[in-house]
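just to be clear, the model below is a prediction. Sequence and coordinates:
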Amino acid sequence: MNTDGVYELIIIGGGPAGVTASVYAARKKIDFLLLAGDIGGQAAWSGDIENYTGYQFVTGSDLTLKFEEHLRKYKFPIKESEKVVDISKQSNIITVKTEKDEYRSKALIIASGKRSLELNVPGEKEGKNRGVAYCATCDGPLFAGKDVAVIGGGNSALDAALQLTKIARKIYIINNTPALGGDKIMRDKLIKTANVSIINGAKVEKISGESVVSGIVINEDGASKEIPVQGIFVEIGLIPNSEFANILEKNELQEIIVNNSCETNVPGVFASGDVTDVPEKQIIIAAGDGAKATLSAFKFLMRN
Ligand SMILES: Cc1cc2nc3c(=O)[nH]c(=O)nc-3n(C[C@H](O)[C@H](O)[C@H](O)COP(=O)(O)OP(=O)(O)OC[C@H]3O[C@@H](n4cnc5c(N)ncnc54)[C@H](O)[C@@H]3O)c2cc1C
């Protein structure tokens with residue numbers, strides 16, 4: 001930070017994109033601050049990762065440990081659990097407001113990724129941390145030997161269900177389309193698993209329970225029925241963490257629009273990874289994008 005309290009660069013996000021952006025910034029000796037809700041991001045929620053080059057197989061938690069080890073090798077300020085709520089730019093200085101403080105920089109990289117969508121049905125809000133969960137990797141072990149429902153039919157739901165097959169007694173996959181989507185390899189594994197029951201074409205109406213979740217009410221062909229479960233994993237998709245970036249152009253999905261150098265419509269503000277409109281959302285793509293964003297920010301800082 002210079003004497004006016006201005007960093008050269010601020011990086012928002014501690015997922016694969018933000019961690020890689022930080023490693024590149026540290027190696028370029030940029031004076032920067034990392035603001036991250038957590039370290040690992042969605043990568044930490046993933047069960048089995050089989051597509052990150054160099055690892056034929058790694059769990060999300062082990063890969064996150066490796067990311068963290070790499071990050072901590074360098075000395076730079078990190079503010080964890082500090083949620084960014086607003087960004088603005090005036091006279092070439094960017095201000096990043098968090099729930100606790102305010103920071104200033106000449107350049108900014110946004111790598112704030114995505115978060116889970118909610119079901120928005122009665123009982124969901126009340127059931128949070130009482131049986132309703134959004135991350136099988138984080139909360140799956142709490143449901144050992146219990147009956148659970150996984151809501152969704154895409155890769156996130158299949159990944160969650162596969163993780164739960166080793167923990168829970170019975171897993172109901174409740175999917176509102178006629179057939180499961182996602183990767184065939186995961187679908188095939190689930191179909192062959194004895195403690196998995198797949199219910200296609202069903203809509204969730206309500207989550208029931210007094211102090212803890214006791215069941216889920218679904219509607220199949222116009223008829224409502226309750227399935228007794230103690231855990232419900234909501235895996236219906238993700239939305240970008242881009243609400244705080246009001247000065248930036250976004251697409252209809254609320255993803256930040258970037259060019260192939262990770263530049264946004266505001267000079268000096270870069271974005272990378274899942275929060276952007278890059279077409280594919282994967283760990284290796286986000287990590288590569290984070291590297292690209294720092295190299296672009298470095299060039300911007302050299303020019304200005
Ligand atoms: C269940 C699941 C399984 C997956 N499995 C695989 C897989 O096997 N292989 C694969 O390649 N990809 C997989 N993915 C996708 C992959 O995890 C993502 O593409 C990748 O993590 C995106 O990285 P990111 O850094 O862009 O964002 P994220 O990983 O979403 O990280 C975002 C970071 O920003 C922080 N943040 C968010 N908002 C704010 C804020 N307002 N202020 C400060 N910090 C903030 C978060 O705390 C987090 O640190 C999976 C995803 C899920 C959900």
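Arrived safely.

surely Thr193 meets Thr165?
Yes. Counting by CB atoms under 8 Å, Thr193 does reach Thr165; the two are 5.0 Å apart. C-beta coordinates here come from the backbone N, C-alpha and C atoms, glycine included.

run through the stretch 201-304 of the chain and note the low-pLDDT ranges.
Judged against pLDDT under 70, the stretch 201-304 of the chain has no low-scoring part.

where does the chain come near the ligand, residue by residue?
12-18, 35-38, 41-43, 45-46, 49, 51, 83-84, 111-114, 156, 159, 241, 244, 273-274, 281-284, 286 (CB under 6 Å from any ligand atom).

tell me where the stretch 1-150 of the chain has strands.
Using DSSP state E, counting those that start in this stretch, the strands of the stretch 1-150 of the chain run over 6-12, 32-36, 48-49, 58-59, 78-80, 84-90, 93-98, 102-110, 114-116, 132-133, 147-151.

show me what the fourth one is packed against.
Using 3 or more CB pairs under 8 Å, 6 or more residues apart in numbering; DSSP states H and E, the elements in contact with strand 58-59 are strand 48-49.

Val236: how many residues sit nearby?
That one is not Val; residue 236 is Ile. Ile236 has 21 neighbours, counted by other CB atoms under 10 Å.

and Lys28, its phi and psi?
With angles defined as degrees, to the nearest 10, Lys28 sits at phi -90, psi 0.

how about it: what's its closest non-neighbour residue?
Ranked by CB to CB, 6 or more residues apart in numbering and with sequence neighbours excluded, the top spatial neighbour of Lys28 is Phe298, at 5.1 Å.

now swap in Asn265 and tell me
Glu249 (4.4 Å).

so the one you found makes contact with Thr264?
Yes. The criterion here is CB under 8 Å, and Glu249 meets it with Thr264 at 6.9 Å.

find residues that contact each of those two.
Jointly contacting Glu249 and Thr264 under the rule CB atoms under 8 Å, 6 or more residues apart in numbering are 256-257.

more neighbours, the two?
Taking other CB under 10 Å, Glu249 and Thr264 do not tie; Thr264 has more neighbours (22 against 12).

can you check what pLDDT the model gives the most centrally placed residue in the chain?
Closest to where the C-alpha atoms of the chain average out (CA atoms, centre = their mean) is Gln42, at 3.6 Å. On pLDDT, Gln42 comes in at 92.

what sits against it?
15, 113-114, 238, 274.

need the max-distance pair from these.
Gly15 and Leu238 (12.0 Å; CB to CB).

quick one: distance of stretch 109-128 to the chain centre.
10 Å (CA atoms, centre = their mean, to the nearest Å).

dihedrals phi and psi, whatever residue of the stretch 51-200 of the chain ends up closest to the ligand?
Residue nearest to the ligand within the stretch 51-200 of the chain: Gly113 (2.0 Å; CB to the nearest ligand atom). For Gly113, the backbone dihedrals (degrees, to the nearest 10) come out as phi 60, psi -150.

what's the burial count for it?
Count around Gly113 with other CB under 10 Å applied: 27.

and it, what pLDDT?
Confidence score, pLDDT, at Gly113: 98.

ok, it - contacts?
Gly113 touches 13, 15, 17, 41-42, 240-241, 273-275, 286, counting by CB under 8 Å, 6+ apart.

between the residues you listed, which sits nearest Tyr55?
Checking the contacts of Gly113 one by one against Tyr55 (CB to CB), the nearest turns out to be Ala286, at 15.4 Å.

ok, now which ones touch that closest one?
Residues in contact with Ala286 (CB under 8 Å, 6+ apart) are 15-17, 20, 111, 113, 272-274.

what about 10 Å?
Contacts for Ala286 (CB atoms under 10 Å, 6 or more residues apart in numbering) come out as 13, 15-21, 41-43, 111, 113, 272-276, 278, 280.

same deal with Ile49?
Here Ile49 is in contact with 43, 55-60, 62-63, 159, 282-284 (criterion: CB under 10 Å, 6+ apart).

mind redoing it with 6 Å?
58, 63 (CB atoms under 6 Å, 6 or more residues apart in numbering).

again, but for Glu255
240, 276-277.

how far away is Lys225 from the ligand?
Taking CB to the nearest ligand atom, to the nearest Å as the measure, Lys225 falls 28 Å from the ligand.

which strand residues bridge that residue?
Ile218 (DSSP bridges).

related to what we said a few turns ago, show me just the buried residues among the residues of the chain next to the ligand.
Burial by neighbour count, 16 or more other CB atoms under 10 Å: within those this picks out 12-18, 35-37, 41-43, 45-46, 49, 84, 111-114, 156, 159, 241, 244, 273-274, 281-283, 286.
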